[in-house]
Each structure stands twice: as structure tokens, then as C-alpha cells.
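**Q** Got a predicted structure plus its sequence, pasted below:
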Amino acid sequence: MTKLHRTNSDHKDFQKLTALFDEFLVDIDGDEKDFFAQYNQIYIENVVVFYENEIPLGCGAFKELEPSIAEIKRMFVVPEGRGKGIATTILNELESWTKELNYTSCQLETSQKLENAIALYKKFGYKIIPNYGQYEGVESSICMKKIF
């Protein structure tokens with residue numbers, strides 16, 4: 001049985017999953033890992049954790065970037081959960097939640113190396129945009145946006 005749980009970044013299962021995500025990103029981000037870590041070790045009010053048989057397998061979050069724009073953060077599915085549609089379920093829930101809170105678009109940043117993540121976002125209608133904020137000039141980053 002699967003379920004989604006809305007919570008915040010203090011939730012123990014979200015913290016467990018994001019610790020695994022950070023370990024995974026060490027290989028992806030290499031020398032830039034400390035740069036990205038400073039933007040990920042923050043309190044986030046809007047978090048989703050995905051469970052299968054009470055086991056946390058994935059997560060995602062969003063925070064306000066601007067009054068009408070939510071920034072998708074910390075999307076991760078454990079390796080044994082991949083290929084089951086969990087990321088799709090999480091992203092659907094995050095987008096639904098942002099709409100409930102009257103956001104009109106979502107933006108995100110991901111690594112150019114995360115081809116599966118980029119493909120997922122494109123499938124959901126996200127378009128590549130110029131890198132924004134702290135990601136300007138970061139060649140390994142790709143930024144995307146979806147307007148509802």
C-alpha cells in the first residue's frame with residue numbers, strides 16, 4: 001500500500017531520505033557539492049514523503065521563490081524505488097499543493113548529469129530557462145520552469 005504524507009523538513013523520514021540524496025549528489029556534484037549544500041540545508045515548510053508499505057521511498061519539497069513562484073527542491077527516490085512512478089506521484093502532489101496555495105508557476109534547478117530527472121520535468125511541461133539566482137553562471141546546473 002502506498003501513501004503520500006505532507007509535512008515539513010523537520011520530519012525524520014524526509015531527513016533520512018535527503019541524507020541519502022546528499023550522499024548520491026557527492027558523486028554528481030563533485031567539487032561543487034559544498035556550493036549546492038548551502039542552499040539545501042534549510043528549513044522547508046512544504047515537504048512530501050512517499051511511502052510504500054510504511055517504508056519511505058521518496059520525497060520532494062517546495063519553497064517560495066517569489067510571491068507567485070514556488071521552487072521545487074529535494075526531489076529524490078531511493079534506488080530500489082526507481083522505475084515505479086514514485087517521482088511522478090511526488091511531483092504531481094507538489095504541483096497540486098502549489099496550486100492550492102495560489103502559486104502560478106514552479107521553477108527548479110537540477111544537475112545536467114541527472115538526465116532522468118530532466119526527462120521527468122520535460123514530460124511534466126517544464127521548459128529550460130536561463131539559470132536564476134545563485135545558479136547563474138553555474139555550468140553544471142540546468143534550470144527549468146512550468147507556468148500553470
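**A** Now that the structure is in, tell me what you want to look at. Numbers count the residues shown, from 1 in each chain.
**Q** Can you tell me how far Thr18 is from Lys73?
**A** Separation of Thr18 from Lys73 (CB to CB, to the nearest Å): 9 Å. Placement of C-beta: from N, CA and C, glycine included.
**Q** Name every strand pairing with the strand ranked longest in the chain and say which way it goes.
**A** Longest strand in the chain by number of residues, with DSSP state E as the criterion: strand 55-66. Next to strand 55-66 in the sheet, as set by DSSP bridges, lie strand 46-52 (antiparallel), strand 69-77 (antiparallel).
**Q** what about the strands in the protein?
**A** Taking DSSP E as the criterion, the chain carries its strands at 2-7, 46-52, 55-66, 69-77, 105-111, 127-129, 141-147.
**Q** Now mean pLDDT, mean neighbour count and distance to Trp97 too, for those strands, in TSV please.
**A** Formatted as TSV, the strands of the chain follow (pLDDT from 0 to 100; neighbours: other CB atoms under 10 Å; distance: least, CB to CB, whole Å):
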stretch	mean pLDDT	mean neighbour count	distance to Trp97
strand 2-7	98	14	7
strand 46-52	98	21	6
strand 55-66	97	20	7
strand 69-77	97	22	8
strand 105-111	96	20	10
strand 127-129	98	12	21
strand 141-147	97	19	14
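**Q** Centroid-nearest residue for this structure?
**A** Nearest residue to the geometric centre of the chain (CA atoms, centre = their mean): Met75, 2.8 Å.
**Q** ok, what's across the strand from the nearest residue to it once chain neighbours are set aside?
**A** Nearest non-adjacent residue to Met75, counting by CB to CB, 6 or more residues apart in numbering: Gly60, 4.4 Å away. When assigned by DSSP bridges, Gly60 has beta-bridge partners Val48.
**Q** ok, Gly60 - contacts?
**A** When the contact criterion is CB atoms under 8 Å, 6 or more residues apart in numbering, the partners of Gly60 are 47-48, 72-76, 87, 90-91, 93-94.
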